[in-house]
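Novice: Sharing a model that was predicted from the sequence below.
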Amino acid sequence: MSAPSARDAISRVVIGRRRELDLVLAAVSAGRDVMLEGPPGVSKSTMLRAITGHWGVPFVLVEGNAELTPARLVGHHNPARVLREDYSPENFVPGPLVAAMREGGFLYIEELNRAPEDTLNVLLGAMAEREVTVPRVGAISAAPTFRVLASMNPFDDVGTARISDSVYDRWCRLVVGYQDTGEEEAIVRARTGCDDAELVTDAVALTRATRSHPDLRRGSSVRGAIDLTAVAVELGRLGSHDGDRPRLVLDAALLALSARIAVDDAVDTTPEEVITRIWQDHFFSGPGVRRRVPMSSTSTTP
């Protein structure tokens, strides 16, 4: 299959992201490793899963955190078998790095900047040489389709470490931002199966408003809009809001968005209050609207 045909086949799985998909495809096709920087919920792993699915190679996901030691990344010898048989290549249990190298898969490390420095050193060595040496096992070479990919959220610095220049020097780096309104609405429809266009529009609008609100240091990804829509549909089926659609959307928004946003430390407010204000502005501050519901009437416990 030609490169354009492959791209077209993969793009059917990924909504939008044509440019980013082209760039990632070009990099991995050229044998390069890729670092994706962007907030959660912007289709980073979706793109990579679509590529590996099309190529028919494994997708090996690893979460970067303090517990990702070199031994966990590379692998270890089975302790019980070592006691019975002593060390041997046969009782070595491969970790995600060795498994991806042997199988020619994509090793994808989420939140690379949360991994310990000694783990990164092992990873960089494998990237540079396409080979790792395991004690009592020997050298393990990577299959030709092996790639190392990673992601980082530049807006979250809790529990993260600064990435050194030597680490950046090993990667092709791509910044991935949020999709536009139309693409996010298409994602919500695809993920929920909701055919209520007005509800999808409301869900995406409320979610996108969290990203630019002055009281928030972190807004919600499109996952918030997906959950908001799904919850609102079920609330409608329960009939618990007596046809009060704005109130139904508010309750769904409070449930779906409050854990996904972060209030600025300098602001004396709560996530629920911010979401309620965003809801007010969306439903009661538009052109031609005759009234604005006061905050006192928008309690989170109707």
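Specialist: Okay, I see it.
Novice: Find me the pLDDT at residue 3, would you?
Specialist: Residue 3 is assigned a pLDDT of 58 by the prediction.
Novice: average pLDDT for the longest helix seen in the chain?
Specialist: Counting by DSSP state H, the longest helix found in the chain is helix 222-238. Taken as a whole, helix 222-238 has an average pLDDT of 96.
Novice: what element comes up after it heading to the C-terminus?
Specialist: Using DSSP states H and E, the next helix or strand after helix 222-238 towards the C-terminus is helix 245-257.
Novice: Show me which positions of that next one end up buried.
Specialist: For helix 245-257, a neighbour-count test (16 or more other Cβ atoms under 10 Å) marks 246-254, 256-257 as buried. C-betas here are computed from N, CA, C, even on glycine.
Novice: For the stretch 1-150 of the chain, give me the ranges with low pLDDT.
Specialist: Where the stretch 1-150 of the chain drops to pLDDT under 70, the residues are 1-6.
Novice: Do a quick rundown of the strands in it.
Specialist: Under the criterion DSSP state E, counting those that start in this stretch, strands of the stretch 1-150 of the chain are mapped to 34-37, 59-63, 75-77, 92-94, 106-110, 131-134, 138-141, 147-152.
Novice: Just checking the distance from the longest helix of the chain to the centre of its chain.
Specialist: 20 Å (Cα atoms, centre = their mean, to the nearest Å).
Novice: likewise stretch 137-148?
Specialist: Distance of stretch 137-148 from its chain centroid, counting by Cα atoms, centre = their mean, is 26 Å.
Novice: One more: stretch 26-40?
Specialist: Centroid separation for stretch 26-40 versus its chain: 14 Å, with Cα atoms, centre = their mean.
Novice: Figure out the length between the terminal residues of it.
Specialist: Separation of the first and last residues of stretch 26-40 by Cα to Cα, to the nearest Å is 23 Å.
Novice: same thing with stretch 128-139?
Specialist: Stretch 128-139 has an end-to-end distance of 14 Å (criterion: Cα to Cα).
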